[in-house]
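1. take this sequence and fold it.
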Amino acid sequence: MRTFFLSLYLSVNFFVAIGFTVFLFIMGYLFPPLFVVAQIVLVFTGIVLITDAMLLYKIPTGIQASRTTPQKLSNGDDNTIKLHINSQYPFDIQLEIIDEVPFQFQQRNLLFEQSLKANDHIVIDYTLHPTTRGVYSFGALNVFVYTHIAFVQRKYRFDEGTIVPVYPSYIQMRKYELLAVGNRLHMLGLKKIRRIGHSMEFEQIRDYVVGDDYRIINWKASARRGDLMVNQFIDEKSQPIYSVIDMGRVMKMPFEGMSLLDYAINTSLALSNVVIKKGDKAGLITFSHVLGNFLLADKRAKQMQKIQELLYKQTTNFLESDYEKLFVGIQRQVKQRSLLLLFTNFESLDALKRQLPYLRRLGRRHLLLVVFFENTTLKTLLNKESENVQDIYEKVIAEKFAFEKRLIIKELYKHGIQAILSRPEDLTLNTLNKYLELKARGLI
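-> Okay, the predicted model is just below:
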């Protein structure tokens, strides 16, 4: 009986009917014939109410519903959630479905209204776009059922307490992985890099094709075959590539709901996967005021799982990053010359110059690529038309900071350090382009 009352909800239609009945009773004191009409309406309303309740409750489990979620959600991407609703009622019904999504999304109005035919089944799809990593807890899946009479609603609750972790963007990682395996990365906008010379890793001898470099002609094989033959080379493999992620306060800056750290983490995951698919070794280093995690570069099958688990646990803080400790840690643990992709952010030339001595020392032994972020807010100010003196002042200040970003690039290149200045949303594409370019130029 207690369960019955907990799942019984009287609808607006019922209260409108009761309100109309009360009005008739009141008017019945002024016009006695209306008192009889009010009694008839009250009896009729009661019969309809009981009939409606019996229709909904005569079947103990008239509705079966479930929520299907991925085993883990992908940060920064649209993740599809499916709601499966099965009706065991022998008549058509109306549904109101409320899914209690995790509090991180701040959605309290996720309501679906559906019609469902007798003994029918529907699937409802919707998407969630997480912007922070961590554990997300779904609440109950609430289904309110009512007939066409719509006097009574019956409530069902399903799938309470479902917990799903949010990992770095594995959807983005898989997207680039499929194209990397087929050498079709250019389909996503990655540039075809013109190869300067060739690497020293021999693959095979093949027939000459118009346009081949005459320097790779194999004259001995050509003499034996009686036709021109050329040596074919492939990119050198098993080269160590490290994603070095700054966990300090500069990476706390938000962009479209995500921090710069999360953009760097998503890019590192996609890059590491492509690196391994290309035959190189992927590793990971994190640092802030202390040296954080260090994962030795490798290309074995479990390496991507290790990288994903490490990236999932990373959090930033408001402390200043210590580049001296980063330099000492890399000197001790990275013995082979490697490509270091340093994900950080410099807002001014002075901020770079404070860390430049350590970057230069890293660049002497390794190939260092500094990846930092373009301030898109400044770009919006620069493109905005000035309407008053204040707008002019704001544009001048924005131009000053944008100019400093360009000076940072020049300063890094002056000291032999590679650099990328990228918008957060283009970070993965630009970083992969640079990685492929460096390999094509034989700099790694």
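2. got phi/psi on residue 256?
-> Main-chain dihedrals, residue 256, degrees, to the nearest 10: phi 50, psi 40.
3. do the one 4 residues further on as well
-> With angles defined as degrees, to the nearest 10, residue 260 shows backbone torsions of phi -60, psi -30.
4. just the element for residue 80, please.
-> Using DSSP states H and E, residue 80 falls within strand 79-87.
5. also residue 142?
-> Going by DSSP H and E, residue 142 is part of strand 141-146.
6. who are the contact partners of residue 444?
-> Taking Cβ atoms under 8 Å, 6 or more residues apart in numbering, we find residue 444 in contact with 236, 239, 241, 339, 367, 438. C-beta: built from backbone N, CA, C; applies to glycine.
7. about what we covered before: buried sites along the very next helix or strand once past the strand holding residue 142?
-> Next in sequence after strand 141-146, counting helices and strands by DSSP H and E, comes strand 152-158. By neighbour count, with 16 or more other Cβ atoms under 10 Å as the criterion, the buried positions of strand 152-158 are 152-154, 156, 158.
8. show me what the strand holding residue 142 is packed up against.
-> Strand 141-146 is packed against helix 33-57, strand 63-68, strand 93-99, strand 152-158, with contacts defined by 3 or more Cβ pairs under 8 Å, 6 or more residues apart in numbering; DSSP states H and E.
9. pull up the pairing partners for it, direction included.
-> Sheet pairing of strand 141-146 (DSSP bridges) gives strand 93-99 (antiparallel), strand 152-158 (antiparallel).
10. and of those strands, who's closest to residue 362?
-> strand 93-99 (49.1 Å; Cβ to Cβ).
11. now do that closest one, average pLDDT.
-> Here strand 93-99 scores 92 as its mean pLDDT.
12. what sits up against the helix or strand that it is followed by?
-> For strand 93-99, the following helix or strand on the C-terminal side (DSSP H and E) is strand 111-116. The contact list for strand 111-116 (Cβ under 8 Å, 6+ apart) reads 83, 85, 87, 92-99, 122, 124, 126.
13. which of those lies closest to residue 386?
-> residue 126 (42.6 Å).
14. can you give me the end-to-end span of stretch 373-387?
-> The straight-line separation of the ends of stretch 373-387 (Cα to Cα, to the nearest Å) is 29 Å.
15. so how far is that stretch from its chain's centroid?
-> Relative to its chain's centre, stretch 373-387 lies at 25 Å (Cα atoms, centre = their mean, to the nearest Å).
16. then stretch 129-149?
-> In terms of Cα atoms, centre = their mean, the centre of stretch 129-149 is found 20 Å from the chain centre.
17. and for stretch 89-99?
-> The answer for stretch 89-99 is 33 Å, by Cα atoms, centre = their mean.
18. same deal with stretch 385-393?
-> A distance of 37 Å separates the centroid of the chain from that of stretch 385-393, by Cα atoms, centre = their mean.
19. residues in contact with it?
-> Applying Cβ under 8 Å, 6+ apart, the external contacts of stretch 385-393 come out as 384, 395.
20. sec struct for the closest residue to residue 295 other than its chain neighbours, please.
-> Of all residues not flanking residue 295 in the chain, residue 284 sits nearest, at 4.2 Å (Cβ to Cβ, 6 or more residues apart in numbering). The three-state label given to residue 284 by DSSP: H, G, I helix; E, B strand; the rest coil is strand.
21. can you count the residues close to the closest residue to residue 411 other than its chain neighbours?
-> In space, residue 411 comes closest to residue 352 once its chain neighbours are excluded; the distance is 6.2 Å by Cβ to Cβ, 6+ apart. By the criterion of other Cβ atoms under 10 Å, residue 352 has 21 neighbours.
22. show me what contacts residue 354?
-> Neighbour list for residue 354: empty [criterion: Cβ under 8 Å, 6+ apart].
23. which strand or helix spans it?
-> Applying DSSP H and E as the criterion places residue 354 in helix 349-365.
24. distance from that helix to the middle of the chain?
-> From the chain centre to the centre of helix 349-365 is a distance of 32 Å (Cα atoms, centre = their mean).
25. from residue 48, how far off is residue 27?
-> Distance from residue 27 to residue 48, counting by Cβ to Cβ, to the nearest Å: 22 Å.
26. before we move on, the earlier item: of all the contacts of residue 444, which two lie farthest apart?
-> Spatial extent of the contacts of residue 444 (Cβ to Cβ) is set by the pair 236 and 367 at 13.0 Å.
27. what about the two, which has more around it?
-> Legend: neighbour count by other Cβ under 10 Å for residue 236 and residue 367, higher for residue 367 (19 against 14).
28. my guess is that one meets residue 443, correct?
-> Yes: using Cβ atoms under 8 Å, residue 367 is in contact with residue 443, at 5.8 Å.
29. so where do the strands sit in the stretch 201-350 of the chain?
-> Ranges of strands within the stretch 201-350 of the chain are 201-207, 229-234, 240-246, 254-255, 258-259, 281-287, 291-298, 339-343, based on DSSP state E, counting those that start in this stretch.
30. nearest to residue 107, of these?
-> Checking these against residue 107 by Cβ to Cβ gives strand 258-259 as the closest, at 17.5 Å.
31. show me the contacts for residue 51.
-> Applying Cβ under 8 Å, 6+ apart, the residues contacting residue 51 are residue 149.
32. spatially central residue in this structure, please.
-> For the chain, residue 76 is the residue whose C-alpha lies nearest the centre (Cα atoms, centre = their mean; 2.1 Å).
33. that residue sits in which helix or strand?
-> Counting by DSSP H and E, no helix or strand carries residue 76.
34. let me see the contact set for the spatially closest residue to it that is not a sequence neighbour.
-> Leaving aside its chain neighbours, residue 76 sits nearest to residue 169 (5.0 Å; criterion: Cβ to Cβ, 6+ apart). Applying Cβ under 8 Å, 6+ apart to residue 169 gives the contacts 74-77, 266, 269-270.
35. from residue 155, how far off is residue 169?
-> 37 Å.
36. ok, now residue 239?
-> If you go by Cβ to Cβ, the gap between residue 239 and residue 155 works out to 60 Å.
37. for residue 434, same thing?
-> According to Cβ to Cβ, residue 434 stands 56 Å off from residue 155.
38. among the contacts of residue 169, which one lies nearest to residue 326?
-> When the contacts of residue 169 are compared for distance to residue 326 (Cβ to Cβ), residue 269 wins out at 20.6 Å.
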